[in-house]
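Chemist: how would this look folded up:
(one chain, ligands or ions: 2)
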Amino acid sequence: MNESLEHIASCISGYDPNALPVAQAQEFIARLVPRVQAVEMLPIRSALGRVLARDVMSTIDVPSHDNSAMDGFALRGMDLADEGPTLLPVAGTGLAGQQFSGAVPPGHCVRIMTGAVMPDGLDTVVPQEFTSAAGDGRVSIPHGIVRTGDNRRLRGEDLALGETALRAGRLLRPADLGMLASLGQAEVPVFRRLRVAFFSTGDELRSIGEPLAEGCVYDSNRYTIWAMLQRLGVDVIDLGVVRDDPAALREAFTQAAANADAVITSGGVSVGEADHTKRIMAELGEVLFWKIAMRPGRPMAIGRIGGERQAILFGLPGNPVAVMVTFYAFVRDALRCMSGATAEPLPLLQAACTTGLRKKAGRTEYQRGIVSRGDDGRWQVAITGSQGSGILRSMSEANGLVVLHHHQGHVAAGDLVDVLMFDGLV
Ligand code: AMP
Ligand code: MG
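Modeler: Ligands and ions are numbered 1, 2, ... in the order given. Predicted coordinates:
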C-alpha cells in the first residue's frame, strides 16, 4: 500500500510546500519513490552501469593458490644467510600457467615469473633485479634485500571463498565487471531497467525541423532531459511537445503513466501559469505543487500519476537551466533509488571562489562554475557569466555546479565553496 503524500509530508520536519528547503524535498522524494523488483540475468559485459540485484558471494579463492608477485627467484626464507650474500642453486623454472612440479631440495631456489604458483615449501620471492649469477647455476642474493614472505601473493587474498564480493544495490562499474570475471561468473542478476517517459509543455515550443514562428522557441529541454537520462542508463520514452490543451495533456499523462515508472515534464508548473498542465496533473493523480527554497528552479510538481498503474511524476520548471538543476538536485538520486541502487552521496570538491558572490541565506543556490587550477596549485572556481535560469550557455560552459547551501550567506573572493563536478555526473 502506498503511503499518502500527506502522510509522507507529516514525517518531514520543516515541511512547508511554499518554501521547502532542498534537503526536505530530497527526503520527501526518497520516501515517495518505489524500487523496481523485477530481476534479470545478464552477461557481465551487458551489466555495466546496471544495478546488482543480489549479493554476489565468492565461489572460489582468488587467487586460487599462493603465487609470485614478481619475476625473480622463489626460495625458503629460512635459507637466507644471516650475514653476507646467500648463494642458492636453481632447481628449475616456474611460469605463470605452467608451474614448477616436483620437490625443491633444501637450500635450492626456483626461477619464477609473476603469477606462477609458488612451489611447495617455498615462501619468499627475491626480485630478479636484485640477484646476480654466481656461477655453477647458482644465484647470489645480497643480504637484507628480502624477508620471509616477501613478494608472495596469498591464496584468497583478493576474494576468499564464501566472502561477499559485491552487495546488492551496487551500480556496476568497470572494476566490478573484472571482479565478477575473476570469479569465473558469466552472468549476473540485475534489476530491470527503469522506464522513464518525458515530454515538454508549452504552446510556444517548437520541435527541431519546424519553422520558428514569432514568439516561439525550440524545445531544448527534451534534449537535455534525454541526455541526462541516457547517462543514468534508463529506458526513455520521448512523448514530444504536448500542446496546452486538456485533451492532449490528459492523453500524454495517461500514456506515460501506463508505460513508465516515472514521468518527467518540463514547464507549466509555475505559480502564475495560465495553462492547463497543473490542473490536468491534479486531476489525473495525487500531486503536490511545491515552491522550493532554491535558485534556479523554484516551482516543481511531485507525486503519483495514472490510474491502476501509477508512475512517479516529476513536474520540472520550464526554464532550461532550472530543468537541469532540479534534475540533478532531485530526479537523479530518485531515479537511481528507483533503479534499486544504494544511495551514494555525490562528492563535492572544495574550490576557492575567484569572485565574491551575493547569496541570500534561506535557500540553496546552484551557480554554474568553471573549476581550474590556480597559480598556487589549488582548485579555484569562476562563475560562468550571466546566471539567468534561461541561459543554457551558462551550463554548457561550466564544468561544475557551485552549491551555495541553505544557510550560507554572501561569499567573499577567495572563500572556499562546494562544487558538484559534472564529470561522472552527466
Ligand atoms: P514555464 O515554466 O512553462 O513558465 O516556462 C518558463 C520558461 O521556460 C519560458 O520562457 C519557456 O518558454 C521556457 N521553456 C519552457 N519549456 C521549454 C523547453 N522545453 N525548451 C526551452 N525552453 C522552455
Ligand atoms: Mg509554459
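Chemist: for stretch 291-310, measure first residue to last.
Modeler: 24 Å (Cα to Cα, to the nearest Å).
Chemist: list the buried residues in that stretch.
Modeler: 292-306, 310 (16 or more other Cβ atoms under 10 Å). Every C-beta, even on glycine, is put in place using the N, C-alpha and C of the backbone.
Chemist: same check, this time on stretch 202-216
Modeler: 202, 205.
Chemist: around ligand 1, pick out the residues from this protein.
Modeler: Listed as neighbours of ligand 1 in the chain under the rule Cβ under 6 Å from any ligand atom: 200, 202, 204-205, 217, 219-221, 266-268, 270, 273, 317-320, 390.
Chemist: so of those, which ones are in helices?
Modeler: Among these, the members found in helices (DSSP state H) are 221, 320.
Chemist: give me the subset of the residues of the chain next to ligand 1 touching ligand 2.
Modeler: For ligand 2, the contacts drawn from these by Cβ under 5 Å from the ion are 202, 267-268, 318.
Chemist: just those residues now: which is nearest residue 135?
Modeler: Distance ranking of those against residue 135, using Cβ to Cβ, places residue 318 first at 84.3 Å.
Chemist: and the closest one, how many neighbours?
Modeler: Residues near residue 318, counting by other Cβ atoms under 10 Å, number 23.
Chemist: now it: closest residue in space that isn't a chain neighbour?
Modeler: Nearest non-adjacent residue to residue 318, counting by Cβ to Cβ, 6 or more residues apart in numbering: residue 267, 3.2 Å away.
Chemist: quick check: that neighbour touching residue 220?
Modeler: No: Residue 267 is beyond contact range of residue 220, at 11.4 Å (criterion: Cβ atoms under 8 Å).
Chemist: more crowded one of these two?
Modeler: The residue with more neighbours, out of residue 267 and residue 220, is residue 267; 28 against 15, by other Cβ under 10 Å.
Chemist: from residue 96, how far out is that one?
Modeler: 61 Å (Cβ to Cβ, to the nearest Å).
Chemist: show the pLDDT at the residue of the stretch 251-400 of the chain at minimum distance from ligand 2.
Modeler: For the stretch 251-400 of the chain, the residue closest to ligand 2 is residue 267, as judged by Cβ to the ion, at 4.1 Å. We have a pLDDT of 95 for residue 267.
Chemist: need the contact list for the closest residue in space to residue 151 that isn't next to it in sequence.
Modeler: Once flanking residues are discounted, residue 151 sits nearest to residue 125: 3.7 Å by Cβ to Cβ, 6+ apart. Applying Cβ atoms under 8 Å, 6 or more residues apart in numbering, we find residue 125 in contact with 68-70, 72-75, 112, 118, 146, 150-152.
Chemist: what helix or strand is residue 125 on?
Modeler: Using DSSP states H and E, residue 125 sits in strand 124-127.
Chemist: neighbouring strands for that strand, and are they parallel or not?
Modeler: strand 72-75 (antiparallel) (DSSP bridges).
Chemist: buried sites along the partner strand?
Modeler: Result for strand 72-75 [16+ other Cβ under 10 Å]: buried residues 72-75.
Chemist: residue 106 contacts residue 79, correct?
Modeler: Yes: with contact defined as Cβ under 8 Å, residue 106 counts as touching residue 79 (7.5 Å).
Chemist: between the two, which one's more packed in?
Modeler: It is residue 79, of residue 106 and residue 79, that has more neighbours when counted by other Cβ under 10 Å, with 16 against 9.
Chemist: excluding chain neighbours, what is closest to that one?
Modeler: Closest to residue 79 by Cβ to Cβ, 6+ apart is residue 107, at 5.5 Å.
Chemist: for residue 87, grab phi and psi.
Modeler: Here is the backbone geometry of residue 87 (degrees, to the nearest 10): phi -110, psi 120.
Chemist: OK, contacts around it?
Modeler: Residues in contact with residue 87 (Cβ under 8 Å, 6+ apart) are 134, 138-141.
Chemist: please apply the same query to residue 244.
Modeler: Contacts of residue 244 by Cβ under 8 Å, 6+ apart are 201-203, 268, 275-277.
Chemist: that one belongs to a strand?
Modeler: No: counting by DSSP: H, G, I helix; E, B strand; the rest coil, residue 244 is located in no strand; its state is coil.
Chemist: all strands for the stretch 101-250 of the chain, in order.
Modeler: 109-112, 124-127, 132-133, 138-141, 152-153, 164-166, 187-191, 195-201, 205-206, 217-218, 235-242 (DSSP state E, counting those that start in this stretch).
Chemist: what's the domain layout of the chain?
Modeler: Using automatic domain parsing, the domain ranges for the chain come out as 5-38+192-338, 40-62+157-191, 67-153, 349-421.
Chemist: how long is the longest one from one end to the other?
Modeler: Start-to-end span of domain 5-38+192-338 (Cα to Cα) is 17 Å.
Chemist: same check, this time on stretch 53-67
Modeler: 33 Å.
Chemist: could you do stretch 207-224 as well?
Modeler: 14 Å.
Chemist: and it, how far out from the chain's middle?
Modeler: Computed by Cα atoms, centre = their mean, to the nearest Å, the separation of stretch 207-224 from the middle of its chain amounts to 31 Å.
Chemist: try stretch 154-170
Modeler: In terms of Cα atoms, centre = their mean, the centre of stretch 154-170 is set 21 Å apart from its chain centre.
Chemist: who touches that stretch?
Modeler: With Cβ under 8 Å, 6+ apart, stretch 154-170 has contacts from 51-66, 172, 176, 179-180, 182-183, 340-342.
Chemist: ok, now stretch 8-15?
Modeler: Here stretch 8-15 makes contact (Cβ under 8 Å, 6+ apart) with 17, 21, 24, 27-28, 31-32, 288.
Chemist: go again using 6 Å as the cut-off
Modeler: Residues outside stretch 8-15 that contact it (Cβ atoms under 6 Å, 6 or more residues apart in numbering): 24, 27-28, 31-32.
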